[in-house]
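# can't give you the sequence, but here's the structure:
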């Protein structure tokens, strides 16, 4: 299997690359080549198969980002929520023109590669009391979500035409992200766990009772790998799936944090931020996700395990990274 | 009021221009300037206000297509269903890049002009037994519908951001269209009325019991003018409206035709066309359209009046046009 990861230098891209390098297989088939594409050449994991790193602009995708013979493309390249809100042109170029470029490249190959695309809960609007059924209409309240929803339509149409074979996962807010805060409006959901575990204070821009639909990096990677090899014949025209995340609250996250690191939540300072709150308040905190369960997407582990996994997988590297000036 | 019509040389564009020229007002306000934009310079109606014709590519929209001071833009420029299916790149360029160009121009003006956009029933999929509620998710079964649904998202986001003030009408199949058959898959719904009235044979590619959601040109123009001046504050994030068309069948249309022109339906030849049938079979034949009614969009006249209006408004001009080689 020949695999490309667009956004291969990002958080999930690197985790997928490491997973493929560790196991050497995807869906039971041997991985024979991996291409990692990002704005700068992504780091390469140690692997038994050849790995290529390619740098460029996804809206002007170089052919070598998706080489001839590619079986699976993970299209994770994106401008995230707060950044797409701050810079309309950049969001449109990366999130929409970038997706068009992926369509054009796959179409030129003529081999109908699987494309696994990450859309987002941010493509929906709702309120804190909503549980969204499958088949809910996307009425986005932010440019990132609008661009993701439009890209879903473009990829579904390209699938119908046989240019590519898309599976879109509308990912929940992924926690706990390692590294530093990023420009996603949801960044604080990771920060309120990560920063206290590093012994650092962090701001909470919403109330403790704020509800949110989340998934762990481990679960996101598992879902993305499943999407890469699942039978798509049952999808029909509808290529988009709400995977089975979990609905939790800030208070519940902090309680789990204190269970693992007693007193850690005292590092969380209540500092309201209306701009952030305005974006995340429109994201529904719960989904039925029944279609995803029927399609074999794995069930989510509890919140305590999410934080435990961060400590196991990412805390040491995050600490080392943060100690580097 | 300064008004621009993109696609001003098309069927609905010309009808709107004539309506404005005849009445001299829009929503009770005096029209002070009209710009008509299309691939070639659109014909100008006789009007008491200045009219400019501009030719160009909507994806590279010239500034003078939407001059400074424009209050209302009718964005009707589109590549229609069968053509967008046959030429993916052309459909994407006109239907998506064209909409981006409208956003960019309105944003540059900085005056938040009203943009009335025509989307389509073709952006939904369903079957012959479906009545779609408002808020139904768009899962298009053709590239035209996918591009229209994506453009709706882009315009709604641009409205939220204050670049423009969009109202999207998802028009039913408009009958009876004058002139010659065009590249819309729905072209035959007009041809089975128009051609017999001209004394000409025409092919029917679907069964007599085929159900379809239609509106008349008079009703479409009335809705588009209402969309141009309605209060948009009640729309919220959702800028798209299913107007109250009527659900009819081929048999019902032919019966009405024979009522007005006895025996005319004998010109309709049953010649199945699977390619056309495959596209139109996915368009839902009925919508609840309750939101549109609440927003003041006018109720539809019966089928007999639709055909009578074609005879009054367009039959003579169509006959003259068809006699010109």
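Ah, there it is. Here the structure is a predicted model, which means the values were calculated and not measured. Residues are numbered from 1 along each chain as shown, chains lettered A, B, ... in the order given.
# Packing partners of the longest helix along chain A?
Counting residues, the longest helix found in chain A (DSSP state H) is helix A:143-160. Contacts defined by 3 or more C-beta pairs under 8 Å, 6 or more residues apart in numbering or on different chains; DSSP states H and E place helix A:143-160 against helix A:81-86, helix A:88-91, helix A:98-109, strand A:114-120, strand A:165-171, helix B:143-160. Yep, even glycine has a C-beta here, placed from its N, CA and C like the rest.
# In a markdown table, list those along with mean neighbour count and distance to residue A:53.
What follows is the helices and strands packed on helix A:143-160, written out as a markdown table (neighbours: other C-beta atoms under 10 Å in any protein chain shown; distance: least, C-beta to C-beta, whole Å):
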| stretch | mean neighbour count | distance to residue A:53 |
| --- | --- | --- |
| helix A:81-86 | 21 | 23 |
| helix A:88-91 | 16 | 23 |
| helix A:98-109 | 21 | 17 |
| strand A:114-120 | 26 | 20 |
| strand A:165-171 | 25 | 24 |
| helix B:143-160 | 27 | 32 |
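# Make JSON lines out of those and add distance to residue A:254 and mean pLDDT.
Shown next, in JSON lines, are those (distance: least, C-beta to C-beta, whole Å; pLDDT from 0 to 100):
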{"stretch": "helix A:81-86", "distance to residue A:254": "23", "mean pLDDT": "89"}
{"stretch": "helix A:88-91", "distance to residue A:254": "32", "mean pLDDT": "98"}
{"stretch": "helix A:98-109", "distance to residue A:254": "36", "mean pLDDT": "98"}
{"stretch": "strand A:114-120", "distance to residue A:254": "24", "mean pLDDT": "98"}
{"stretch": "strand A:165-171", "distance to residue A:254": "23", "mean pLDDT": "98"}
{"stretch": "helix B:143-160", "distance to residue A:254": "32", "mean pLDDT": "98"}
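# distance of the residue in the stretch 151-300 of chain A that chain B sits nearest to from residue B:85?
Ranked by C-beta to the nearest C-beta, the top residue of the stretch 151-300 of chain A for proximity to chain B is residue A:157, at 3.7 Å. According to C-beta to C-beta, to the nearest Å, residue A:157 stands 10 Å off from residue B:85.
# ok, residue A:244 - contacts?
Residue A:244 makes contact with A:287, A:289, A:292-293, A:297-300, according to C-beta atoms under 8 Å, 6 or more residues apart in numbering or on different chains.
# Contact partners for residue A:11?
A:174, A:177-179, A:217.
# which non-adjacent residue is nearest the residue of the stretch 151-300 of chain A closest to chain B?
Spatial nearest neighbour of residue A:157, excluding adjacent residues (C-beta to C-beta, 6 or more residues apart in numbering or on different chains): residue B:146 at 3.7 Å.
# Columns distance to residue B:280 on top of the helices and strands packed on helix A:143-160, output as a markdown table?
Output for the helices and strands packed on helix A:143-160, formatted as a markdown table (distance: least, C-beta to C-beta, whole Å):
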| stretch | distance to residue B:280 |
| --- | --- |
| helix A:81-86 | 37 |
| helix A:88-91 | 35 |
| helix A:98-109 | 25 |
| strand A:114-120 | 29 |
| strand A:165-171 | 25 |
| helix B:143-160 | 11 |
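# Of these, give the one that comes closest to residue A:3.
strand A:114-120 (9.5 Å; C-beta to C-beta).
# Partner strands of the closest one and their direction?
Strand A:114-120 pairs in its sheet with strand A:72-75 (parallel), strand A:165-171 (parallel), by DSSP bridges.
# buried stuff in the first one?
Of the residues in strand A:72-75, those scored as buried under the neighbour-count criterion (16 or more other C-beta atoms under 10 Å in any protein chain shown) are A:72-75.
# and if you look at stretch A:60-69?
A:61, A:65-66.
# Pull up the distance across it, start to finish.
End-to-end distance for stretch A:60-69: 20 Å, by C-alpha to C-alpha, to the nearest Å.
# hmm, who's touching it?
For stretch A:60-69, the surrounding residues in contact (C-beta under 8 Å, 6+ apart) are A:2, A:4, A:6, A:33, A:35, A:37, A:52, A:54, A:56, A:58, A:73, A:98, A:101-102, A:104-106, A:109, A:111, A:113.
# rerun that using 7 Å as the cut-off
A:2, A:4, A:6, A:35, A:37, A:54, A:56, A:73, A:101-102, A:105-106, A:109 (C-beta atoms under 7 Å, 6 or more residues apart in numbering or on different chains).
# and the stretch 101-250 of chain A, which residues reach chain B?
Where the stretch 101-250 of chain A comes near chain B, counting by C-beta under 7 Å from any C-beta of the partner chain, the residues are A:125, A:135-137, A:139-141, A:143, A:146, A:149-150, A:153-154, A:156-157, A:161, A:237-238.
# Can you pull the poorly scored residue ranges out of chain A?
Along chain A, segments meeting pLDDT under 70 span A:325.
# Relative to residue B:314, how far out is the closest residue to residue A:156 other than its chain neighbours?
Spatial nearest neighbour of residue A:156, excluding adjacent residues (C-beta to C-beta, 6+ apart): residue A:239 at 4.3 Å. The gap separating residue A:239 from residue B:314 is 41 Å, by C-beta to C-beta.
# Same check on residue A:251?
According to C-beta to C-beta, residue A:251 and residue B:314 sit 66 Å apart.
# Those two - which one has more neighbours?
residue B:314 (20 against 14; other C-beta atoms under 10 Å in any protein chain shown).
# mind checking the SS state of residue A:34?
The three-state assignment at residue A:34 reads strand, by DSSP: H, G, I helix; E, B strand; the rest coil.
# Could you double-check that it lies in contact with residue A:53?
No. Contact criterion C-beta atoms under 7 Å: residue A:34 and residue A:53 do not qualify, at 9.6 Å.
# Of the two, give the one with the bigger neighbour count.
Taking other C-beta under 10 Å, residue A:34 and residue A:53 do not tie; residue A:34 has more neighbours (24 against 17).
# List the beta-bridge partners for the more buried one.
Under the criterion used (DSSP bridges), residue A:34 bridges to residue A:3, residue A:51.
# and residue A:40, how many neighbours?
9.
# so it, which of the three states?
coil.
# Could you pull up the residues touching it?
With contact set as C-beta under 7 Å, 6+ apart, residue A:40 has these partners: A:9, A:55.
# Look up how far residue A:53 lies from it.
9 Å.
# now swap in residue A:291 and tell me
According to C-beta to C-beta, residue A:291 stands 36 Å off from residue A:53.
# which of the residues in stretch A:288-295 are buried?
Result for stretch A:288-295 [16+ other C-beta under 10 Å]: buried residues A:289, A:291-292, A:295.
# Wondering if that stretch reaches chain B at all.
No. For stretch A:288-295, no contact with chain B is found by C-beta under 7 Å from any C-beta; the gap never falls below 12.4 Å.
# Just the residues contacting that stretch, thanks.
By C-beta under 7 Å, 6+ apart, the residues outside stretch A:288-295 that reach it are A:131-134, A:230, A:234, A:241-244.
# Including secondary structure and distance to residue A:306, could these go into JSON lines?
JSON lines is the format used below for these (DSSP: H, G, I helix; E, B strand; the rest coil; distance: C-beta to C-beta, whole Å):
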{"residue": "A:131", "secondary structure": "strand", "distance to residue A:306": "20"}
{"residue": "A:132", "secondary structure": "strand", "distance to residue A:306": "21"}
{"residue": "A:133", "secondary structure": "coil", "distance to residue A:306": "25"}
{"residue": "A:134", "secondary structure": "coil", "distance to residue A:306": "24"}
{"residue": "A:230", "secondary structure": "coil", "distance to residue A:306": "24"}
{"residue": "A:234", "secondary structure": "coil", "distance to residue A:306": "29"}
{"residue": "A:241", "secondary structure": "strand", "distance to residue A:306": "21"}
{"residue": "A:242", "secondary structure": "coil", "distance to residue A:306": "19"}
{"residue": "A:243", "secondary structure": "coil", "distance to residue A:306": "15"}
{"residue": "A:244", "secondary structure": "coil", "distance to residue A:306": "14"}
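# Sounds good, over and out.
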